[in-house]
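Peer 1: coordinates only, no sequence provided:
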């Protein structure tokens, strides 16, 4: 009972921490960085808004547009010579925008005007900072309305994005329903006295919704050590599998979602990218989230259960007559992993805890008829969640928000060495660091295997979203 109470209080604390976003005020250590970010972004977007003609917006981008950089200096007192800059209250700093015309086109492809973008990203000088499970040491901020996320990045990631930008641009322009994270701007800010500066990306939040996200998963398709440790708020692949989660969708939507996953995975493989993941946020319609048992607690519970069985040996009964300590052959086989009790994927779901482990359906944004794109798949990502159904095709309890994130890792020489070294101790096909082709296939196969197709009457589809 004590363990249950301890787990319950821990879950409450995790939920509180996940909700905790800190406003970046003047006393925040990163206030100057975020202030400089907003001043630079506002100025660049203002230049774009006033200097680009409609004919230019409709023309095909040139190769030089992908390589373009715009460098600006922002002295504290303002600049009196072109390009003019307004006075500000921070120290002098330098600002650089990468491929501004290309990122503007991407924003417009997804219906985001410069005015809307400025209002969200630069509406006030208060970003929201938050902590993640990431080991990269990078800073993460939300815009004040939580619609966009700003993430600092390494110079290597910056160079890689510039390298793949033409292919990325073509992919998102031709596939408006892509699950790839949507990059809306890349910049560098260099405060006075900082030699290297900070590169940062602006992207749309996967969880751009007024609904509360109750649980978050980070899925890579790998099973080696892919479980959340106690205290972490983001669950992983083994937590997803062992707790019997799946994307249960109307068959038409499930097929479209599989097509999108396969198409995106093909692009990532072509670019030799790896280490990305599908970020999944779950909203429960009834507000009662499914309980997830941490791996450490599961191991301890099974160990305690085994010890308890041993302690139940009747006193004074010889071992050869003790059916508890001397099970029959078929029971021995079960304990050795020969039956469903030892295989999480073969276990029958716990009826007491089973919820509609679900997935998407048509959403409001899809039904209202957005602009038809050349993509054959039409699954909404980021805007409007994917609603689940139960086995009978009725509306489920879950709404999923999904997006493929962290796509800026290339399988190069360093990763090749890491794969070779890790393969000495574990199966080289199961570890996280594998060649891009293997990674993409494994990622795709894992997700497709967790998408369930459910036949739903056309009249019932309207009720799901």
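Peer 2: Looks like it arrived, so ask away. Being a predicted model, the structure only gives us computed values, none of them experimental.
Peer 1: report all helices and strands that the helix or strand where residue 189 lies contacts.
Peer 2: Secondary-structure element containing residue 189, defined by DSSP states H and E: strand 183-191. Packing partners of strand 183-191 (3 or more Cβ pairs under 8 Å, 6 or more residues apart in numbering; DSSP states H and E): helix 31-51, strand 93-98, helix 100-109, helix 155-174, strand 198-204. Glycine gets a C-beta too; all of them are placed from N, C-alpha and C.
Peer 1: quick one: contacts for residue 189?
Peer 2: Residues near residue 189 by Cβ atoms under 8 Å, 6 or more residues apart in numbering: 33, 36-37, 40, 93-96, 197-198, 200.
Peer 1: would you list the helices and strands packed on strand 183-191 in CSV and tack on mean neighbour count?
Peer 2: Output for the helices and strands packed on strand 183-191, formatted as CSV (neighbours: other Cβ atoms under 10 Å):
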stretch, mean neighbour count
helix 31-51, 19
strand 93-98, 21
helix 100-109, 19
helix 155-174, 17
strand 198-204, 21
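Peer 1: let's have these in TSV, adding distance to residue 224 and mean pLDDT.
Peer 2: TSV is the format used below for these (distance: least, Cβ to Cβ, whole Å; pLDDT from 0 to 100):
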stretch	distance to residue 224	mean pLDDT
helix 31-51	36	85
strand 93-98	36	95
helix 100-109	35	95
helix 155-174	24	96
strand 198-204	28	95
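Peer 1: on that earlier part again, ok, the strand holding residue 189: who's next to it in the sheet?
Peer 2: Sheet pairing of strand 183-191 (DSSP bridges) gives strand 93-98 (antiparallel), strand 198-204 (antiparallel).
Peer 1: sketch out the low-pLDDT regions of the stretch 351-465 of the chain for me.
Peer 2: Low-confidence segments of the stretch 351-465 of the chain (pLDDT under 70): 351-383, 412-433, 458-465.
Peer 1: can you say which of the strands paired with strand 183-191 is nearest to residue 29?
Peer 2: Residue 29 lies closest, by Cβ to Cβ, to one member of the strands paired with strand 183-191: strand 198-204, at 13.2 Å.
Peer 1: list of residues touching the helix or strand following the closest one?
Peer 2: Going down the chain from strand 198-204, the next helix or strand is strand 215-219, by DSSP H and E. Strand 215-219 is contacted by residues 18, 133, 233-237, 239-240, 245, 277-282, 289-290, 292, 446-447 when judged by Cβ under 8 Å, 6+ apart.
Peer 1: repeat the analysis, applying 7 Å as the threshold.
Peer 2: By Cβ atoms under 7 Å, 6 or more residues apart in numbering, the surrounding residues in contact with strand 215-219 are 233-237, 240, 277-282, 289, 447.
Peer 1: equivalent analysis for stretch 200-212, please.
Peer 2: The contact list for stretch 200-212, computed with Cβ under 7 Å, 6+ apart, reads 37, 121, 142, 146-153, 181-187, 213, 279, 281, 283, 382-383, 385, 399, 401-403, 405.
Peer 1: and stretch 61-72, by the same measure?
Peer 2: Outside stretch 61-72, the residues touching it (Cβ under 7 Å, 6+ apart) are 40, 43-44, 83, 85, 95-102, 105, 165-166.
Peer 1: what's the neighbour count on residue 180?
Peer 2: 21 (other Cβ atoms under 10 Å).
Peer 1: which residues does it contact?
Peer 2: 172, 264, 404, 407.
Peer 1: now these in JSON lines, with distance to residue 391?
Peer 2: As requested, these are exported to JSON lines (distance: Cβ to Cβ, whole Å):
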{"residue": "172", "distance to residue 391": "35"}
{"residue": "264", "distance to residue 391": "28"}
{"residue": "404", "distance to residue 391": "28"}
{"residue": "407", "distance to residue 391": "34"}
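Peer 1: could you dump these to a markdown table with secondary structure and distance to residue 117?
Peer 2: Shown next, in a markdown table, are the contacts of residue 180 (DSSP: H, G, I helix; E, B strand; the rest coil; distance: Cβ to Cβ, whole Å):
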| residue | secondary structure | distance to residue 117 |
| --- | --- | --- |
| 172 | helix | 16 |
| 264 | helix | 24 |
| 404 | strand | 22 |
| 407 | coil | 22 |
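Peer 1: hang on, the earlier thing: if any of the contacts of stretch 200-212 are buried, put those into a ChimeraX selection.
Peer 2: With 16 or more other Cβ atoms under 10 Å as the burial test, the buried ones among these are selected in ChimeraX as follows:
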select :37,121,142,147,148,149,150,151,152,153,181,182,183,184,185,186,187,213,279,281,283,382,383,385,399,401,402,403,405
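Peer 1: next step: the contacts of stretch 200-212 restricted to strands.
Peer 2: 142, 148-153, 183-187, 279, 281, 283, 399, 401-403, 405 (DSSP state E).
Peer 1: buried set for stretch 238-256?
Peer 2: By 16+ other Cβ under 10 Å, the buried positions in stretch 238-256 come out as 238-250, 252-254, 256.
Peer 1: mind listing which of those residues are in strands?
Peer 2: Using DSSP E, the buried residues of stretch 238-256 in strands are 247-250.
Peer 1: looking at these, which is nearest residue 299?
Peer 2: Using Cβ to Cβ, these come closest to residue 299 at residue 247, 27.2 Å.
Peer 1: right, and that closest one touches residue 451 too?
Peer 2: Yes. If you go by Cβ atoms under 7 Å, residue 247 and residue 451 touch, sitting 4.5 Å apart.
Peer 1: give the rounded mean pLDDT of the helix or strand hosting residue 261.
Peer 2: Applying DSSP H and E as the criterion places residue 261 in helix 251-270. Per-residue pLDDT over helix 251-270 has a mean of 95.
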